[in-house]
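> Below are the sequence and a predicted model for it; my questions follow.
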2 protein chains.
Amino acid sequence: MTKATERPTRQPSMADVARTAGVSAQTVSRALRDSPNVNPETRKRVLAAVERLGYRFNNAARVLSSGRSHTIGLVLLQSGGYYSRSAVTAGVEAAAGEAGYAVSIATIARLDTGLMERSLSKLADQGVDGIVIAVPLISVTQKMEDITRDIPTVTLDGSRTASARVLGIDQKEAGRLATQHLLDLGHRQVWHVAGPDEWIEARQRRQGWQECLAAAGIPAPPPLEGDWSPDSGYRQGQVLAMIPDVTAVFAASDEMAFGVIRALRERGRSVPDDVSIVSVDDIELAAYCSPPLTTVRQDFYRSGEAAVALLLREDGAESEESLVTATLSVRASTGPPRAS
Amino acid sequence: MTKATERPTRQPSMADVARTAGVSAQTVSRALRDSPNVNPETRKRVLAAVERLGYRFNNAARVLSSGRSHTIGLVLLQSGGYYSRSAVTAGVEAAAGEAGYAVSIATIARLDTGLMERSLSKLADQGVDGIVIAVPLISVTQKMEDITRDIPTVTLDGSRTASARVLGIDQKEAGRLATQHLLDLGHRQVWHVAGPDEWIEARQRRQGWQECLAAAGIPAPPPLEGDWSPDSGYRQGQVLAMIPDVTAVFAASDEMAFGVIRALRERGRSVPDDVSIVSVDDIELAAYCSPPLTTVRQDFYRSGEAAVALLLREDGAESEESLVTATLSVRASTGPPRAS
DNA sequence: AGACCCTATGTTATCGATGCCATATGTAAC
DNA sequence: GTTACATATGGCATCGATAACATAGGGTCT
């Protein structure tokens, strides 16, 4: 077997195909692509030769001469939200593939500008034609700007930079939806277990919650902060369990909600009888745990697709449409407050 | 802003750097890589020039001349097991990055040889130096063999092909561990909700279960088959709920276990009091649902790393060590059978 | 002192596809 | 019957880095 580290044996080149088909390399090149100016007869001969030799075009050469790699880079965060990451990846890959682009990934272990810079450099070195950043940028450094100025970039739910376009999911709306649902059920107060404040998503969901409460004339209680993990939800749930009059909680992610529920139950608070919980994500498991979670669904797959579409769009429209809408799935984890 | 579809403005090339540093392009090339035969003084001048011009090497040109792309392809399945997919991806990317390789992904929507062939072709076209197939291959076609013969390939938990190496996670052991745990608790029979039979994982876990029962002299009941989703677990759980003497269930994945538990509970069977459940994966949520799941943990991240290591290893060792071991996390979803 | 080698560097050919320009037909227009 | 223009094809330079070979200077060995 060939080793990945050794130079592979020579593959047939376009010149070989040309020779076999009795035409010039240039004609082969044209026959294999769009070019309308190729005799169907000739094209057939070329294709036959390609087939016979097992010819496969050399991407590097194509990139070198055309100047475009037909590859887009995707930056992901390694931790936090397995579900959304997978879904975004799948969406990006599907849309990119559709348009004839390959996807090269770069994951960063945690939110850190240094790691982010390195990832972007890596992608830039690879010569990607565009970059989708599926990481909530906190701060943007000069170096990052340098790269995104040269390479078209779309940030998925990140902060706006001078040179990157931002595709927003309407996170504020998600927070509002969740909170309003609880108020509509008759709850007088809604507590919030937020995501880490460096995450734009987390901040926006918190804002939606705050604004919704404000609109109802309710002073917001201090938000508790988790890190998206079930474990952090569990810890904040223990805190909530010690506060007597908590009847409704909005958790910024399903995974944290699982932890919150567990903590509340261990302390004898039933969900939804004593406390209602609503969260965001609608991961597959949300409907199958007990109680099934009421949660705000967001279509990450679609947002991945949309990011690529925005990236490849000819017109440089700076539009920041919230292409992806949030919808509420009402399940058993929420109910009216216990009559008191 | 530049568009992804237009030819980017020219970046400084090695020749530019050479000119600025007052040396030849070749010396620049040497200075930027290993080469011991470069005067430290010269190297310093070169690096200064690189810095000043913001030079970044052109990957395509490098690939074209060296014949190696320093990219490995990763084939993933879009559906099924968000968690394991993410973890494998992260592991592969980390190990590849460590070795100076980039990762290009290709996802297939479902287990289908046609789609598989297309993905492999896509990666081959990109000129990847190696391929990690994180998809449980069912059957291997001639076309697939053609590609894996030219490009080093490692299959993660897939079937053996003539030309690809296989890295096995010991799935049979996982099934055995789970089943034995239930028998040790005193259960006389263990039912199984299996994954789809096309998946090697599923088949091996089922085998582990069967063999373990056989060793205990217990005739295995017919396995029920799901598709990894919580929903399929739910449906099979409904079936199990109708069978009176079920006291122990081994589900092939955590997600299906969630569904099974839900179905049993809806039908008045308590977990673990009436029925014990054990599964495989140990996803993060397993510990935070109620009841917390007893499950067999497998380190997908590590297996991703190991796959890359195997791929890049110089010696063509055909070893099929089960580098990744399974361990049991005992939680509240299992207990001794109700005294009857 | 001549043969030899090691270091540091330059020169040139090469990887494979594409862009641009040239050329050879055919064919419609005036 | 030229001019004009579209169609089909070939030739050649080019992208940017690297491999292979060449060379110049200095040291070492016998």
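Great, that's in hand.

> Give the rounded mean pLDDT of stretch A:272-290.
Stretch A:272-290 shows a mean pLDDT of 92.

> where does the stretch 151-300 of chain A dip in pLDDT?
Scanning the stretch 151-300 of chain A for pLDDT under 70 picks out A:158-163, A:168.

> how about a cut-off of 80?
Applying pLDDT under 80 to the stretch 151-300 of chain A flags residues A:157-169, A:198.

> And the residue of it that's closest to DNA strand C?
Residue of the stretch 151-300 of chain A nearest DNA strand C, by C-beta to the nearest atom of the strand: residue A:152 (18.8 Å). For every residue, glycine as well, the C-beta is placed using N, CA and C.

> What strand or helix carries the residue sitting nearest the centre point of chain A?
By C-alpha atoms, centre = their mean, the mean C-alpha position of chain A lies nearest to residue A:88, the distance being 3.8 Å. Assignment of secondary structure by DSSP states H and E places residue A:88 within helix A:82-98.

> Whether that helix contacts chain B - can you check?
Yes. Interface with chain B: helix A:82-98 contributes A:82-83, A:85-87, A:89-90, A:93-94, A:97 (C-beta under 8 Å from any C-beta of the partner chain).

> which other residues reach that helix?
Residues outside helix A:82-98 that contact it (C-beta atoms under 8 Å, 6 or more residues apart in numbering or on different chains): A:72, A:74, A:76-77, A:102-103, A:105, A:132, A:134, A:156, A:281, A:283-284, A:298-309, B:78, B:82-83, B:85-87, B:89, B:105-107, B:122, B:283-284.

> next one: stretch A:41-55
Stretch A:41-55 is contacted by residues A:11-14, A:16-17, A:20-23, A:27-28, A:31-32, B:146 when judged by C-beta under 8 Å, 6+ apart.

> Which ones among these lie within helices?
Residues of the contacts of stretch A:41-55 located in helices (DSSP state H): A:14, A:16-17, A:20-21, A:27-28, A:31-32, B:146.

> Among the residues you listed, which one lies nearest to DNA strand D?
Closest to DNA strand D, out of all of the ones in helices among the contacts of stretch A:41-55 and judged by C-beta to the nearest atom of the strand, is residue A:27, at 3.2 Å.

> rewinding a little: just flag the most distant two among the ones in helices among the contacts of stretch A:41-55.
The distance between the two most remote of the ones in helices among the contacts of stretch A:41-55 (C-beta to C-beta) is 26.2 Å, for A:27 and B:146.

> Looking at these two now, which is surrounded by more residues?
Using other C-beta atoms under 10 Å in any protein chain shown as the criterion, residue A:27 and residue B:146 rank with residue A:27 on top: 22 against 16.

> Setting the sequence-adjacent residues aside, check what's closest to the more buried one.
Excluding the flanking residues, the one nearest residue A:27 by C-beta to C-beta, 6 or more residues apart in numbering or on different chains is residue A:42, at 6.5 Å.

> Can you show me the helices along chain A?
Going by DSSP H, chain A shows helices at A:14-21, A:25-32, A:40-53, A:59-66, A:82-98, A:113-125, A:142-150, A:171-184, A:200-215, A:230-241, A:254-266, A:300-312.

> Can the third one be said to contact DNA strand D?
Yes. Helix A:40-53 comes into contact with DNA strand D when judged by C-beta under 7 Å from any atom of the strand, the residues involved being A:41-43.

> you'd agree residue A:278 is up against residue A:334?
Yes. When contacts are counted by C-beta atoms under 8 Å, residue A:278 is listed as touching residue A:334 (5.5 Å).

> which residues are common contacts for those two?
Common neighbours of residue A:278 and residue A:334, using C-beta under 8 Å, 6+ apart, are A:181-182, A:248, A:294.

> got a list of what residue A:306 touches?
A:91, A:95, A:167, A:323-324.

> Rebuild these as a markdown table, extending it with distance to residue B:338.
A markdown table is the format used below for those (distance: C-beta to C-beta, whole Å):
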| residue | distance to residue B:338 |
| --- | --- |
| A:91 | 47 |
| A:95 | 53 |
| A:167 | 54 |
| A:323 | 53 |
| A:324 | 48 |
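
> OK, contacts around the closest residue to residue A:124 other than its chain neighbours?
Among residues not flanking residue A:124 along the chain, residue A:147 sits closest, at 5.1 Å (C-beta to C-beta, 6+ apart). The neighbours of residue A:147, taking C-beta under 8 Å, 6+ apart as the test, are A:120-121, A:124, A:131, A:153.

> any idea which of those residues has the most stuff around it?
residue A:153 (30 neighbours).

> That residue contacts residue A:130, doesn't it?
Yes. If you go by C-beta under 8 Å, residue A:153 and residue A:130 touch, sitting 6.9 Å apart.

> overlap in contacts of those two?
In contact with both residue A:153 and residue A:130: residue A:311, using C-beta under 8 Å, 6+ apart.

> what does chain A put close to DNA strand D?
Residues of chain A lying near DNA strand D (C-beta under 7 Å from any atom of the strand): A:22-27, A:30, A:35-39, A:41-43, A:61, A:64-65.

> re earlier: do you know how far the residue nearest to residue A:27 is from residue A:26?
For residue A:42, the distance to residue A:26 (C-beta to C-beta, to the nearest Å) stands at 12 Å.

> With neighbour numbers in mind, choose between the two.
Using other C-beta under 10 Å as the criterion, residue A:42 and residue A:26 rank with residue A:42 on top: 16 against 11.

> Quick check: bridge partners of the residue lying closest to residue A:128 once chain neighbours are set aside?
Counting by C-beta to C-beta, 6+ apart, residue A:128 lies nearest to residue A:73, which is 3.9 Å off, once chain neighbours are set aside. Beta bridges link residue A:73 to residue A:104, residue A:131, judged by DSSP bridges.

> Could you pull up the residues touching residue A:73?
A:103-106, A:123, A:126, A:128, A:130-132.

> One more pass at 7 Å, please.
A:104, A:106, A:123, A:126, A:128, A:131 (C-beta atoms under 7 Å, 6 or more residues apart in numbering or on different chains).

> Between those residues, which sits nearest residue B:225?
After measuring the contacts of residue A:73 against residue B:225 - C-beta to C-beta - the closest member comes out as residue A:104, at 36.6 Å.

> Just give me the neighbour total for the closest one.
23.

> what separates it from residue A:70, distance-wise?
Where residue A:70 is concerned, residue A:104 sits at a distance of 11 Å (C-beta to C-beta).

> related to what we said a few turns ago, right, and the pair among the contacts of residue A:147 with maximum separation?
A:121 and A:153 (13.4 Å).

> Excluding residues flanking it in the chain, which one is nearest residue A:258?
Per C-beta to C-beta, 6+ apart, closest to residue A:258 is residue B:288, 4.3 Å.

> Enumerate the residues of chain A near DNA strand C.
Contact residues, chain A versus DNA strand C (C-beta under 7 Å from any atom of the strand): A:10-11, A:13-15, A:25-26, A:29, A:32-33, A:55, A:57-58, A:61-62, A:64-66.
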